[in-house]
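1. Sharing a model that was predicted from the sequence below.
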Amino acid sequence: MKLAASVVSALSLVALSAIPLNAQQYKMQTPIPPGVAIPDKVETRLGTLNFFDGFPDDATVEKLYDNLDFQHAVQAYMLALAPVNQLANRKGIAELGPFNLTVPIFEDRMDSKSLFLTPNNNTPYTWFWLDLRDGPLVLEVPPNVLGLVNDMWYNFVTDVGLVGPDKGQGGKYLILPPGYKGEVPSGYFVVKPATFSVWVPWRSFLVNGDPKPGVDLVEQHTRIYRLKDAANPPTLNFVHVSGKAFSTLAPGDYPFWEYLNQVVQEEPTDTVDPVTLGLYAAVGIQKGKPFAPDARMKKILTEAALVGDATARAINGRLRIKESYYYPNSAWRTGFFGGYKFEENGARILDAYSAFFFYATGVTPAMDSKSVGEGSQYMAAFVDSQNKPLDGGKNYKLHLPPNIPVKQFWSVILYDNQTRSMLQTDQRWPAATSQNPKLMGNADGSVDVYFGPTAPAGKENNWVQTIPGKGWNTLLRLYGPLQPWFDKTWRPGEIEPL
């Protein structure tokens with residue numbers, strides 16, 4: 001401790017010696033405490049900063065403001081991943097038809113042709129957007145679905161279906177636009193989102209391996225209409241989109257800022273915290289004002305988008321929150337560290353928040369539920385057992401020990417590191433799942449899954465194809481997880497290089 005104190009004292013003397021003092025002593029002069037004054041020259045990662053008795057020269061002011069604007073922009077980028085990805089989601093779905101009248105359905109499950117953030121290919125998805133600008137809407141939800149409603153800021157609004165207020169029986173949801181002051185009739189599950197645009201995805205289920213019965217149920221019972229049109233609802237257009245090539249992915253470069261500005265201009269911002277809005281405003285994005293950066297600011301925003309995207313990739317692939325990893329010395333980690341709000345003791349866990357919205361879609365308490373035999377659990381892996389990135393040119397094996405703790409089913413799906421969408425190979429569904437009747441188990445009930453450019457002989461039904469020169473990652477999903485999952489007495493193997 002004495003050595004440390006002497007070092008600090010010496011450094012303080014060096015700093016003070018760089019500050020010119022008037023030889024003359026004044027009656028009111030007081031010694032300046034260490035650390036208050038700044039030397040005339042300071043060496044930093046920005047280069048040399050020059051001061052005259054604490055006042056920066058013009059070149060230093062310019063350098064510091066460029067740095068401050070860049071810092072604001074990178075932080076604004078990380079906090080804007082959620083709304084920007086929601087807008088991209090909406091733009092992609094809008095290509096299929098007008099909102100409130102168009103209901104896209106992945107009738108034979110979502111496959112790798114469509115670009116979505118970490119989609120699920122185990123069950124058929126219904127995936128649509130609603131627009132509340134023309135007043136309250138009624139959404140009639142079919143029975144036996146599992147879904148949610150999120151707003152444009154990616155706030156959770158409500159669950160629908162099995163874990164929603166209709167409890168899987170189906171029902172009428174009255175969705176009110178922000179600021180609605182009119183009459184609210186009885187007989188509805190009333191929903192009050194904070195934005196005019198709301199996203200509604202739900203899944204139906206396979207019946208003896210067949211998606212059609214669930215899809216038929218959705219098409220028979222789903223209705224969307226304005227409250228004032230309840231007596232004469234319009235006909236919906238159900239669009240089958242399995243196998244369709246279209247994208248809901250957001251740009252990571254300069255147009256990212258244009259997407260963010262569109263959301264800020266179109267939607268209420270009263271549920272967004274002042275610091276986040278302040279960061280948006282600091283880079284020129286503010287409600288009611290044009291977004292028109294000059295050449296200097298556009299250059300900064302372009303670089304900040306590149307650094308922001310790179311940072312999000314680093315956080316997602318190498319998350320440094322040790323507690324998010326489910327087991328000691330394991331690559332498997334949860335996507336919901338801090339719950340569906342990504343908070344702990346009232347504080348936003350920034351890295352967990354950024355990682356999730358860079359990588360995935362949909363927030364609901366049901367995804368983070370700890371109910372035995374209900375809901376689902378998700379674990380992601382981005383590296384192998386040797387902590388190296390997963391390489392599409394190499395062969396790997398994942399061992400799942402006996403008695404995989406699921407009431408319903410499990411799946412392992414591969415994703416592209418670049419797009420975070422399903423890995424595009426010769427396989428329509430780049431996955432191994434217990435739903436596949438051809439999947440081979442071992443004599444003890446364990447299962448081995450293989451990854452690589454070519455299938456091991458005799459293991460074709462347990463193999464997921466990868467591409468040389470291309471990286472990948474994976475999500476392990478457990479549906480109806482059982483107690484051995486929660487108490488960690490069952491643990492999946494790591495992804496082992498062969």
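-> Sure thing, it's come through. Numbers count the residues shown, from 1 in each chain.
2. Please identify the nearest residue in space to Asp108, excluding sequence neighbours.
-> Ranked by Cβ to Cβ, 6 or more residues apart in numbering and with sequence neighbours excluded, the top spatial neighbour of Asp108 is Ser242, at 4.1 Å. Every residue, glycine included, has its C-beta placed from N, CA and C.
3. again with Tyr327
-> Spatial nearest neighbour of Tyr327, chain neighbours left out: Arg491 (5.6 Å); criterion: Cβ to Cβ, 6+ apart.
4. got it, and Asp166?
-> Spatial nearest neighbour of Asp166, excluding adjacent residues (Cβ to Cβ, 6+ apart): Val141 at 6.0 Å.
5. which element is the spatially most central residue of the chain on?
-> In the chain, the residue lying closest to the centroid (Cα atoms, centre = their mean) is Phe357, at 1.8 Å. Phe357 belongs to helix 350-359 when assigned by DSSP states H and E.
6. what's that helix packed up against?
-> Helices and strands touching helix 350-359, by 3 or more Cβ pairs under 8 Å, 6 or more residues apart in numbering; DSSP states H and E, are helix 58-94, helix 295-317.
7. my read: the residue nearest to Asp108 touches Arg109, true?
-> Yes - the criterion here is Cβ atoms under 8 Å, and Ser242 meets it with Arg109 at 6.4 Å.
8. for the stretch 351-498 of the chain, what spans make up the strands?
-> 376-381, 396-400, 406-416, 431-433, 447-452, 463-465, 472-481, 495-497 (DSSP state E, counting those that start in this stretch).
9. Repeat that for the stretch 201-350 of the chain.
-> With DSSP E, counting those that start in this stretch as the criterion, the stretch 201-350 of the chain has strands at 223-226, 237-240, 333-334, 343-344, 347-348.
10. closest one to Asn67 among these?
-> When the strands of the stretch 201-350 of the chain are compared by Cβ to Cβ, strand 347-348 sits nearest Asn67, at 24.1 Å.
11. what lines up beside the closest one in the sheet?
-> Next to strand 347-348 in the sheet, as set by DSSP bridges, lie strand 343-344 (antiparallel).
12. what mean pLDDT would you report for the partner strand?
-> In this model, strand 343-344 has a mean pLDDT of 94.
13. Tell me which residues are up against that strand.
-> For strand 343-344, contacts defined as Cβ atoms under 8 Å, 6 or more residues apart in numbering pick out 338, 349.
14. what distance separates it from the centre of its chain?
-> Computed by Cα atoms, centre = their mean, to the nearest Å, the chain-centroid distance of strand 343-344 equals 16 Å.
15. and the gap between Thr276 and Pro178?
-> Per Cβ to Cβ, to the nearest Å, Thr276 is found 18 Å from Pro178.
16. mind checking how far Val464 is from Lys244?
-> Distance, Val464 to Lys244, using Cβ to Cβ: 22 Å.
17. Mind checking which of the two has more residues around it?
-> With neighbours defined as other Cβ atoms under 10 Å, Val464 and Lys244 compare such that Val464 has more, 23 against 15.
18. Going by neighbour count, list what's buried in stretch 323-339.
-> 324-326, 331-338 (16 or more other Cβ atoms under 10 Å).
19. Mind exporting the C-alpha coordinates of stretch 401-415 to CSV?
-> Extracted C-alpha coordinates of stretch 401-415, given in CSV (Å, rounded to 0.1, in the frame of the first residue of the first chain):
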residue,chain,number,x,y,z
PRO,A,401,-27.0,-37.8,-23.0
PRO,A,402,-29.8,-40.3,-22.3
ASN,A,403,-33.2,-39.1,-21.0
ILE,A,404,-33.2,-35.8,-22.8
PRO,A,405,-35.5,-33.8,-20.4
VAL,A,406,-38.4,-32.8,-22.6
LYS,A,407,-42.1,-33.4,-22.3
GLN,A,408,-42.7,-32.5,-26.0
PHE,A,409,-39.6,-32.4,-28.3
TRP,A,410,-36.2,-30.9,-28.8
SER,A,411,-34.3,-29.5,-31.7
VAL,A,412,-30.8,-28.3,-32.8
ILE,A,413,-31.0,-25.7,-35.6
LEU,A,414,-27.9,-24.2,-37.4
TYR,A,415,-27.7,-20.5,-38.2
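20. List the buried residues of it.
-> 401, 404-406, 409-415.
21. Which of these sits closest to Glu267?
-> The shortest approach to Glu267 among these belongs to Tyr415, at 29.1 Å (Cβ to Cβ).
22. The closest one and Trp472 touch, don't they?
-> Yes - contact criterion Cβ under 8 Å: Tyr415 and Trp472 qualify, at 6.4 Å.
23. Name the residues contacting each of the two.
-> Residues touching both Tyr415 and Trp472 (Cβ under 8 Å, 6+ apart): Leu423.
24. What part of the chain, helix or strand, is modelled with the least confidence?
-> Within the chain, no helix or strand scores below helix 2-17, which has a mean of 41 by mean pLDDT, DSSP states H and E.
25. After it, which helix or strand is next?
-> From helix 2-17 onward toward the C-terminus, using DSSP H and E, the following helix or strand is strand 41-44.
26. returning to what we had before: between all of the buried residues of stretch 323-339, which two are at the greatest distance?
-> Across the buried residues of stretch 323-339 (Cβ to Cβ), the longest gap, 19.7 Å, separates Ala331 and Gly338.
27. How is the protein partitioned into domains?
-> Here the chain is described, according to automatic domain parsing, as comprising the domains 10-59, 96-240, 321-497.
28. Ok, which of the ones you listed comes nearest Ala88?
-> domain 96-240 (9.0 Å).
29. Tell me who's in contact with the closest residue to Gln427 other than its chain neighbours.
-> Distances taken as Cβ to Cβ, 6+ apart place Gln465 nearest to Gln427, at 5.1 Å, with adjacent residues excluded. Gln465 is in contact with 423, 425-427, 430, 452-453, 455, counting by Cβ under 8 Å, 6+ apart.
30. can you put those residues in TSV and add neighbour count and pLDDT?
-> Listed next are the contacts of Gln465 as TSV, based on neighbours: other Cβ atoms under 10 Å; pLDDT from 0 to 100:
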residue	neighbour count	pLDDT
Leu423	25	98
Thr425	18	98
Asp426	8	97
Gln427	16	97
Pro430	24	97
Gly452	20	98
Pro453	15	98
Ala455	15	97
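31. Max pairwise distance over those: which two?
-> Taking Cβ to Cβ, no two of the contacts of Gln465 sit farther apart than Leu423 and Ala455, at 15.0 Å.
32. hmm, back to that, quick check: the residue nearest to Asp166 vs Ala366, distance?
-> Distance of Val141 to Ala366, given as Cβ to Cβ: 15 Å.
33. what's the answer for Pro456, then?
-> Taken as Cβ to Cβ, the span from Pro456 to Ala366 is 37 Å.
34. go on, Ala94?
-> 27 Å.
35. Pick out whichever of those two has more residues nearby.
-> Ala366 (21 against 14).
36. That one contacts Gly339, doesn't it?
-> No - in this structure, Ala366 is not within contact of Gly339 by Cβ under 8 Å, at 11.7 Å.
37. pLDDT below threshold where in the chain?
-> 1-23 (pLDDT under 70).
38. Try it again at 50.
-> Residue ranges of the chain with pLDDT under 50: 1-19, 21.
39. Show the end-to-end separation of stretch 36-53, please.
-> 12 Å (Cα to Cα, to the nearest Å).
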